[in-house]
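S.K.: predicted model and sequence below, questions to follow.
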Number of protein chains: 2
Amino acid sequence: MRVADTATEPELACPIGPVVDIVFSRWTTPILWSLHAHGRQRFVELERRITRITPKVLTQRLRQLERDGLVVRTYHPEVPPRVEYEISELGRSLAPLFAHLAEWSTEHLGEVEQARQAYDEA
Amino acid sequence: MRVADTATEPELACPIGPVVDIVFSRWTTPILWSLHAHGRQRFVELERRITRITPKVLTQRLRQLERDGLVVRTYHPEVPPRVEYEISELGRSLAPLFAHLAEWSTEHLGEVEQARQAYDEA
DNA sequence: CAGTATCCCAGATGATACTG
DNA sequence: CAGTATCATCTGGGATACTG
């Protein structure tokens, strides 16, 4: 974990910048979570589970996740076509991290709420 | 860590949705990281350290962070004015999480790169 | 079913200039 | 110094419709 060149590089002064872009860009956490919680799924299943997402955006995100090696896409040339998505090994390696995040959430989300209320009153 | 209502709520099917919004919205990680790595800092110091950020956006992000209780702002009514920002107790509680993230980064970022290359060749 | 193709808009971001 | 004000920009995302 380098800190030395903190002042050198742009916003990448922050060594976790790249990971954040990969793992926490919009829609990726719901998708990964869904895939992790419910296993291999078809396009429509994801679409139904992640309410409010449009097929266009879901496709975009899935492609990105596939490109980054976090998700595996399997195409079955049938009629009608069947496509299945599942978490890759690499994607699964994020599980402890997500757990850590969920833990922080249950422990400190309340404090954030309080801080907001206090702030808004002033 | 509930999973039961995964299909009930919208994108919050993902229990870490709220935290992600708070901690990983744009510019927040560089700011928090800088504050964590270099301690209490004035506005200009942050501005210089986080290259490419404009004062407007820096102000916005700092306000948000302050409202969420992750950062403490101290105003010194002098001439010229002096304002200092520092991480709060709550903000500091994110440190292990960031460390975890940095660790994942050093271990797996290479795999992401490889996946991308492989994908782009096909 | 599993997407693509278009059109479109809001909100976020950037550039620039100005103040207490 | 520590912002704010204003204007221009621009891209992600939404709505809708269509296809192999």
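M.R.: Now that the structure is in, tell me what you want to look at.
S.K.: so does the helix or strand bottoming out on mean pLDDT in chain A get close to DNA strand C?
M.R.: Across the helices and strands of chain A, mean confidence by mean pLDDT, DSSP states H and E is lowest for helix A:17-23: a mean of 93. No. Residues of helix A:17-23 contacting DNA strand C under Cβ under 7 Å from any atom of the strand: none, with a closest distance of 12.4 Å. Glycine gets a C-beta too; all of them are placed from N, C-alpha and C.
S.K.: list the buried residues of that helix.
M.R.: In terms of neighbour count (16 or more other Cβ atoms under 10 Å in any protein chain shown), helix A:17-23 has its buried residues at A:17, A:19-20, A:22-23.
S.K.: in this structure residue A:33 contacts residue A:97, no?
M.R.: No. Using Cβ atoms under 8 Å as the test, residue A:33 is too far from residue A:97 to be in contact (11.9 Å).
S.K.: helices of chain A, start to end?
M.R.: A:17-23, A:28-38, A:43-49, A:55-67, A:89-92, A:95-121 (DSSP state H).
S.K.: any chance of these in a markdown table, with distance to chain B too?
M.R.: Output for the helices of chain A, formatted as a markdown table (distance: least, Cβ to the nearest Cβ, whole Å):
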| stretch | distance to chain B |
| --- | --- |
| helix A:17-23 | 5 |
| helix A:28-38 | 4 |
| helix A:43-49 | 6 |
| helix A:55-67 | 4 |
| helix A:89-92 | 5 |
| helix A:95-121 | 3 |
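S.K.: would you mind finding the most buried of those?
M.R.: Per residue and on average, the most neighbours among the helices of chain A fall to helix A:28-38, with a mean of 22 (mean count of other Cβ atoms under 10 Å in any protein chain shown).
S.K.: can you pull the alpha-carbon coordinates of that one into PDB?
M.R.: Only the C-alpha atoms of helix A:28-38 are listed here, as PDB (Å, rounded to 0.1, in the frame of the first residue of the first chain):
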ATOM      1  CA  THR A  28     -22.800  -3.100 -10.400                       C
ATOM      2  CA  THR A  29     -23.300  -3.800  -6.700                       C
ATOM      3  CA  PRO A  30     -27.000  -4.800  -7.100                       C
ATOM      4  CA  ILE A  31     -26.000  -7.000 -10.100                       C
ATOM      5  CA  LEU A  32     -23.200  -8.700  -8.300                       C
ATOM      6  CA  TRP A  33     -25.200  -9.000  -5.100                       C
ATOM      7  CA  SER A  34     -28.100 -10.600  -7.000                       C
ATOM      8  CA  LEU A  35     -25.800 -13.000  -8.800                       C
ATOM      9  CA  HIS A  36     -24.100 -13.800  -5.500                       C
ATOM     10  CA  ALA A  37     -27.300 -14.300  -3.600                       C
ATOM     11  CA  HIS A  38     -29.300 -16.200  -6.100                       C
END
